[in-house]
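**Student:** coordinates only, sequence not included:
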């Protein structure tokens, strides 16, 4: 059974699987709980939706730094090198893939 903490206006502000001071038991199918969990899930989806784009930006920055000689590919940890090479292989297999930075 979940436990919730409410603010002064009665809105749920915290949920726990174990009771704690200031928390009260609530039915798992309670509409207030479902709304709170939906909001939290929505916020998590928003941040997750940007993760893929952000990873691509970081990947491009690393490639740019390597291309300009600021860092060496071999300066990266082995695991990072393997992941970058794997992603490059995957991207090169995509039909119509774009190389936005291109070769200088």
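**Tutor:** Thanks, I have the structure now. If you're wondering where the values come from, they're calculated on a predicted model, not measured in any experiment.
**Student:** Just the buried residues of the longest helix seen in the chain, please?
**Tutor:** Using DSSP state H, we find that the single longest helix of the chain is helix 31-67. By 16 or more other Cβ atoms under 10 Å, the buried positions in helix 31-67 come out as 33, 36, 62, 66. (C-beta placed from N, C-alpha, C; glycine too.)
**Student:** Tell me the one of those nearest residue 94?
**Tutor:** residue 62 (19.3 Å; Cβ to Cβ).
**Student:** quick one on the thing from earlier: what helices or strands is the longest helix of the chain leaning on?
**Tutor:** Helices and strands touching helix 31-67, by 3 or more Cβ pairs under 8 Å, 6 or more residues apart in numbering; DSSP states H and E, are strand 3-6, strand 12-16, helix 78-93.
**Student:** how far does the first one sit from the chain's center?
**Tutor:** Mean-position distance between strand 3-6 and its chain equals 26 Å (Cα atoms, centre = their mean, to the nearest Å).
**Student:** Now it: average pLDDT?
**Tutor:** For strand 3-6, the mean per-residue pLDDT is 96.
**Student:** Show me what counts as buried in that strand.
**Tutor:** 3-4, 6.
**Student:** Right, I'll call it a day here.
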